[in-house]
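# I would like the atomic coordinates for the input below:
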Amino acid sequence: MQPAGLYVDHGDVLTSAGTASAIDACLHIVRSQLGSAAAATVARSLVVAPHRDGDQAHLDHELTVDDLAAHARMSRRNCTHRFAAATGTTAS
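The predicted structure is shown next:
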């Protein structure tokens, strides 16, 4: 098992965790069969990165509303208001 991987190539079976990682898996097939240049061309037409290493789904700590507000350079109040307006739900 490779928990940090976006897709796993077993040789005869290729598995992925979701839609975005399925695109990564398809680009892997193109890269394997036709080379990096062909994969980069396909990725540009899809407007995606030609290769992602993975580990995007794993955070090393829980994000708080204060963390998100600080990252967005806004107050907690403004962040929670804008989050609710954009998503229709509260940030907790």
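
# Could you use CA atoms for every contact and neighbour count after this?
Will do.

# What sits closest to S21 if chain neighbours are left out?
Nearest residue to S21 in three dimensions, chain neighbours excluded: L6, at 5.2 Å (CA to CA, 6 or more residues apart in numbering).

# so what pLDDT did the residue of the chain most remote from its centre get?
Distance to the chain centre peaks in the chain at R77, reaching 27.6 Å (criterion: CA atoms, centre = their mean). Reported pLDDT at R77 in the predicted model: 94.

# separation between it and A70?
11 Å (CA to CA, to the nearest Å).

# Would you map out the domains in this structure?
The record, using automatic domain parsing to delimit domains, assigns the chain the ranges 1-58, 59-92.

# Show me which positions of the last one end up buried.
By neighbour count, with 16 or more other CA atoms under 10 Å as the criterion, the buried positions of domain 59-92 are 65-66, 68-69, 76, 79-80, 83.

# next one: it to chain centre, how far?
Relative to its chain's centre, domain 59-92 lies at 19 Å (CA atoms, centre = their mean, to the nearest Å).

# sorry, back to before: ok but the residue farthest from the centre of the chain is inside a strand, no?
No - going by DSSP: H, G, I helix; E, B strand; the rest coil, the assignment for R77 is helix, not a strand.

# ok, of the domains of the chain, where does mean pLDDT dip lowest?
domain 1-58 (a mean of 81).

# from the middle of its chain, how far away would that domain be?
Domain 1-58 sits 11 Å away from the centroid of its parent chain (CA atoms, centre = their mean).

# just checking, what packs against the lengthiest helix in the chain?
Across the chain, the longest stretch assigned as helix under DSSP state H is helix 19-34. Judged by 3 or more CA pairs under 8 Å, 6 or more residues apart in numbering; DSSP states H and E, helix 19-34 is in contact with strand 7-9, strand 14-16, helix 36-46.
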